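Enquirer: Quick one: sequence plus predicted model below, questions after.
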Amino acid sequence: MLASTIVISLLATLSFASPVARQSSAPACAWNSVTDASNFTLLSVQKSDTSIQKQLVLGTNGQPNGLTAFLGTAESVTAPIVAENFVMANGGITGYGADDRVTAVSLAVADENGWLSFARPSPLLTPAPADAYCELFNTSPHGTEFPYTLAANGESEEFSLCQSSTSDEFVIIFNAVQASSPSAGYIWSSCQSVTVYMIFADQQ
């Protein structure tokens with residue numbers, strides 16, 4: 001009887017320790033956040049000059065046949081553009097191509113020098129998106145042009161737009177750290193602090 005109890009207890013422990021399908025736990029988002037959002041595009045707005053606004057899309061950082069896509073500016077991304085429309089579910093983001101086909105799913109974001117990277121699914125396998133994101137709603141009584149803000153790992157104030165050190169693309173970096181550049185793959189001197197906004201169809 002004692003042996004059976006030990007075996008059952010061990011099996012229960014192992015089952016709780018088994019990896020789940022999602023790649024990370026839900027981010028610690030603020031009270032005014034949500035983790036589900038349909039049909040949006042992304043826009044970066046420079047904090048020091050809010051007139052500088054760039055549409056964001058998924059590009060390949062100069063590696064068109066690579067298995068990973070990265071969030072960067074539409075004007076700097078070279079063909080192919082992997083995705084420009086997005087859906088968020090349970091904190092995971094899925095990117096869609098021009099034909100409404102799933103072309104990318106979010107990967108976990110590193111807490112330092114984190115690229116906003118996405119896996120490009122194969123014809124046989126589409127992995128579950130990592131739940132690294134949430135949407136914050138601006139509750140300022142003064143209002144704002146763009147009320148919906150993207151957050152990664154629970155933070156919306158840590159985004160920078162930086163030039164890649166391996167291509168001409170300008171990409172979004174989470175919590176850029178000067179000491180790690182250019183080994184982190186971007187040029188520190190090019191970085192500008194930005195806010196990333198979620199733009200929905202009724203705002204366009």
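Expert: Thanks, I have the structure now.

Enquirer: Could you list the low-confidence segments of the chain?
Expert: 1-28, 32, 139-144, 203-204 (pLDDT under 70).

Enquirer: which strand in it runs the most residues?
Expert: Across the chain, the longest stretch assigned as strand under DSSP state E is strand 186-200.

Enquirer: and that strand, how far out from the chain's middle?
Expert: 12 Å (CA atoms, centre = their mean, to the nearest Å).

Enquirer: repeat for stretch 121-138
Expert: Counting by CA atoms, centre = their mean, stretch 121-138 is centred 8 Å from the centre of its parent chain.

Enquirer: which parts of the longest strand of the chain are buried?
Expert: For strand 186-200, burial by neighbour count (16 or more other CB atoms under 10 Å) applies to 186, 188, 191, 192, 194, 195, 196, 197, 198. From N, CA and C alone the C-beta is placed, and that goes for glycine too.

Enquirer: before we move on, what about stretch 149-162?
Expert: Residues of stretch 149-162 classed as buried: 149-156, 158-162 (neighbour count, 16+ other CB under 10 Å).

Enquirer: Cross the residues you listed against strands and list the overlap.
Expert: Going by DSSP E, the strands hold 149, 150, 151, 152, 159, 160, 161, 162 from these.

Enquirer: Let me see the contact set for the fifth one.
Expert: Spelled out, that is residue 159. Residue 159 makes contacts with 44, 152, 172, 173, 174, 193, 194, 195, 196, as judged by CB atoms under 8 Å, 6 or more residues apart in numbering.

Enquirer: Kindly report the same for residue 121.
Expert: Residue 121 sits next to 102, 103, 104, 105, 127 when contact means CB under 8 Å, 6+ apart.
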